[in-house]
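# model the structure of this input:
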Amino acid sequence: MSLGRLVVTAVVVEGRSKSEVAREYGVSRRWVHELVRRFEAEGEVGLAPRSRRPRRSPQQTSVGLEAEIIELRKLLAEEGLDAGAHTIAFHLQRRHGTTPSPSTIWRILVRWGFVTPQPQKRPKSSYMRFEADQPNERWQADITHWGLGDGTEVEILNVVDDHSRLLIASDAYTTTKAADVVTSFHRGFAAWGLPATVLTDNGAVFTAAARGGGRCAIEIELDRLGIRMRHSAPYHPQTCGKVERFHQTLKKWLRRQEPSTSLRELQDKLDTFADYYNTVRPHRAVGRRTPQEAFDARPRATPGDVGLAATSHYRVRRDRVDKVGRVTLRYNSQLHHIGLGRRHRGTRVLLLVADLEVRVLTEDGELLRDLTLDPSRDYQPQDTP
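Here you go, the predicted structure:
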C-alpha cells in the first residue's frame, strides 16, 4: 500500500485528524489536506503521483521558430547545402541575433523525422585531426570527375587551404593538363598569396616521378617560387583528406543544380558555390566560422616558413601562458621565458619563430607580442622590443 493510500485511509476511514496523521507519517499537514481533497474529488485516481512538469515551459521553442527551423532545413537540403543543426543555428543567429542551441534544433529535427539518431556512430570529436597552424602554411590540391548534361565527362581541380578550409581554386577542365594546373595555382597566388607548402597525390599533372624522373610543370614552378611540394603516399589518399572531403561537399551541391550544358556553365556554378562556401557557409572544423573568417584571423605563412625545423630556429610552437604570465621557448638548447603579462595567464598561444624574431599570437589571431629574442638572457621582459 502506498503512503498516500495509508494517509487517506487514516483520515477518511478511521476519522483521525489531519494534523495527527501528518505527525505520525512525517509529512506536512498541507500535503495530507491536498491528498484527501483529491481523493474526495477524483477517487482512487486522485492518489496517483502528479507530473512535476511545469504547466508552462519558458524555454520551449515557439511554434513559429520551430516552423522556421523546419523550413530552413528543407530549403538548405533542397539546394544541396549542409542542413545540420549547427548550420541551421548559424543562419538563425544571422537572421535574429539569437538562436536555440544546436542540441535543441537537433531534437526538433528528430521529432519531425528529418534525422534518425545513430548512437552507434563514433563521435567526430574522438578522431585525431591534423591541420596547419597558419593560413597558407599548406594547400591541398586534387582532381575529381564530373559529368555535363550530355554525358561528357570533365575534371574539376580543387585547391583548399589546410588551416582554414578556404577554397583557393575550383576550376573545370575537359582534361586537366600540366599547364592548367599552373594557371589555376597562379590565380590562387594572386587572390590569396603564396603558400609555404603544397600537398597533392601522385597524379601525372602533379609529379613526373612515375614516368621515370624529371619534373612536371607545377613542380618546376613551385620550386622557382620557393614553395615546397609534397606528395601523399601511394594508395593513401587520406593524406589529402581535406580536399577529398571538399569534393563530396561540392558534388552534393552540384547534384541539386540543373545539369550544365557546357564547361563555361559549369564554371559559373563553381564560382557561385566558391563564394557561398568561403563567405557564407559556416565550417564546423574551424569553429563554425566561414573559411574566409578563419583565413583572415591569423597571419599567413609564406614560402620558407615551414619545413626548416631542423635548424631549430624556424618553427611554430604551441604553448599556454603560465600563472605568472610567461611562455617558454628553447633556442640553441637554452630555455627562455617570454613575458606577456598576468592578464593573459591560461591563454593558449602560438609562437611564430623565425630565427631571433618571435611573434606571439592567441589562437584567434590577436598579436600579444612581437620581439627580437636576446639569447644572452633567460627572461625576456615586456619592455624589450
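
# got any ranges where the stretch 1-150 of the chain has weak pLDDT?
1-2, 44-61, 116-130 (pLDDT under 70).

# what segments of it are helices?
Here the stretch 1-150 of the chain has its helices, by DSSP state H, counting those that start in this stretch, at 3-8, 18-25, 29-42, 63-78, 85-96, 102-111.

# using CSV, lay out those helices together with mean neighbour count and distance to residue 256.
C-beta here means a position set from N, CA and C on the backbone, and glycine is covered the same way. Formatted as CSV, the helices of the stretch 1-150 of the chain follow (neighbours: other C-beta atoms under 10 Å; distance: least, C-beta to C-beta, whole Å):
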stretch, mean neighbour count, distance to residue 256
helix 3-8, 17, 59
helix 18-25, 15, 67
helix 29-42, 15, 56
helix 63-78, 15, 7
helix 85-96, 18, 15
helix 102-111, 17, 19
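
# nearest to residue 299, out of the ones you listed?
Closest of the helices of the stretch 1-150 of the chain to residue 299 is helix 85-96, at 26.0 Å (criterion: C-beta to C-beta).

# who touches that closest one?
Counting contacts by C-beta atoms under 8 Å, 6 or more residues apart in numbering, the residues outside helix 85-96 that touch it are 65, 68-69, 72-73, 76, 81, 98-103, 105-106, 109, 281-282, 284, 288.

# how far is that helix from where the chain is centred?
Distance of helix 85-96 from the chain centroid (C-alpha atoms, centre = their mean, to the nearest Å) equals 15 Å.

# tell me the phi and psi of the closest residue to residue 139 other than its chain neighbours?
Of all residues not flanking residue 139 in the chain, residue 195 sits nearest, at 4.6 Å (C-beta to C-beta, 6 or more residues apart in numbering). Main-chain torsions, residue 195, degrees, to the nearest 10: phi -80, psi 160.

# tell me the pLDDT of residue 195.
Here the pLDDT value assigned to residue 195 is 95.

# check the one 3 residues further on too.
The score at residue 198 is 95. That number is its pLDDT.

# and it, what is it in contact with?
Here residue 198 is in contact with 138-141, 185, 218, 222, 227-230 (C-beta under 8 Å, 6+ apart).

# what distance do you get for the residue nearest to residue 139 to residue 297?
17 Å (C-beta to C-beta, to the nearest Å).
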